[in-house]
Structure formats: C-alpha cells, structure tokens
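> how does the following fold in three dimensions:
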Amino acid sequence: MANGSGLRAMEFAVGVIVLLISPCYLAEMAMTPLDWCGIAISLVMSLIPDGMALRTTVWASFGAAVTPHALCLCAFRSLTAGYPELAALVRHRSGALRGGAEGGLDLAIN
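Alright, predicted model coming up:
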C-alpha cells in the first residue's frame, strides 16, 4: 500500500458502487409521481423559516464535517500515547514531520 494501490482500489470500489446505485435512484425517481413545479419553486425560495434555523443548519453541517477529523486525531493520540517511537513512525509515514513540527494538528492523513 506504500505506492497507493490500496487507495486506488478503494476509490474504484466506491466508483463501482456509485455506478450501481445511480441507475436505481434514477429509476425510482421515474416511478415516483413528483410535483416538478413545486420542486422548482422550492429550489428558488428558501425553506429555512428564520435565522435560528439557518444557524442550526450551518452548525450542524460544520459539526458533521469536523467531528470525524477530531475523532481521528483523538484516536491517533490515544493509540500512540505511551509509545513515542510508534508516534514518530506514524507521523513520519504520513508526512506530518515537516520541518520538525511535533504538533498533533500537523498530522496529515494520506
């Protein structure tokens, strides 16, 4: 996996799954009676009633994006807590030791 072949295989598998699911989704859309006029109106007009709902939506999206990264960093720190050699090895393999930086936020997951 040092040459990235594992990542390419995973990308290929995800692409195949998307190609299998997409026609099924389109067929389901074709079979379902839809109000296309209502869909067009809802694309133009906002369905978020007030500023509080908008803030909630923005913070929920932010949390959904940030939480997995925070969990990954916490898991990395807890797994390598008592093993400085392992922490240095993992940081070195992932490209995080740029210029001798030792911070946990410098971890670049490849």
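> so which elements touch the helix or strand in which Ser22 is found?
Here Ser22 is covered by helix 5-31, with elements defined by DSSP states H and E. Using 3 or more CB pairs under 8 Å, 6 or more residues apart in numbering; DSSP states H and E as the contact criterion, helix 5-31 has no neighbours among helices and strands. Quick note: C-beta positions are derived from backbone N, CA and C, even for glycine.
> average model confidence for it?
Model confidence over helix 5-31 averages 89 on the pLDDT scale.
> check stretch 65-82 too.
Across stretch 65-82, pLDDT averages out at 74.
> let me see the domain layout of the chain.
The chain resolves into domains spanning 1-45, 48-110 when parsed by automatic domain parsing.
> which is the succeeding secondary structure element to the helix holding Ser22?
By DSSP H and E, the next helix or strand past helix 5-31 is helix 36-44.
> C-alpha coordinates for that following helix, CSV please?
In CSV, the C-alpha atoms belonging to helix 36-44 read as follows (Å, rounded to 0.1, in the frame of the first residue of the first chain):
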residue,chain,number,x,y,z
TRP,A,36,-41.9,19.3,-10.6
CYS,A,37,-43.4,22.8,-10.3
GLY,A,38,-43.2,22.6,-6.5
ILE,A,39,-39.6,21.3,-6.8
ALA,A,40,-38.6,24.2,-8.9
ILE,A,41,-40.3,26.7,-6.5
SER,A,42,-38.5,25.2,-3.5
LEU,A,43,-35.2,25.4,-5.3
VAL,A,44,-35.7,29.2,-5.7
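> buried ones in it?
Applying a neighbour-count criterion of 16 or more other CB atoms under 10 Å, one finds nothing buried in helix 36-44.
> next structured bit after it?
Assigned by DSSP H and E, the successor of helix 36-44 is helix 51-79.
> checking Ala81 next. Helix, strand or coil?
coil (DSSP: H, G, I helix; E, B strand; the rest coil).
> from Cys74, how far off is it?
When distance is defined by CB to CB, to the nearest Å, Ala81 is 11 Å away from Cys74.
> got it, and Thr56?
The span separating Thr56 from Cys74 equals 25 Å under the rule CB to CB.
> before we move on, what about Arg8?
Using CB to CB, one obtains 28 Å as the distance from Arg8 to Cys74.
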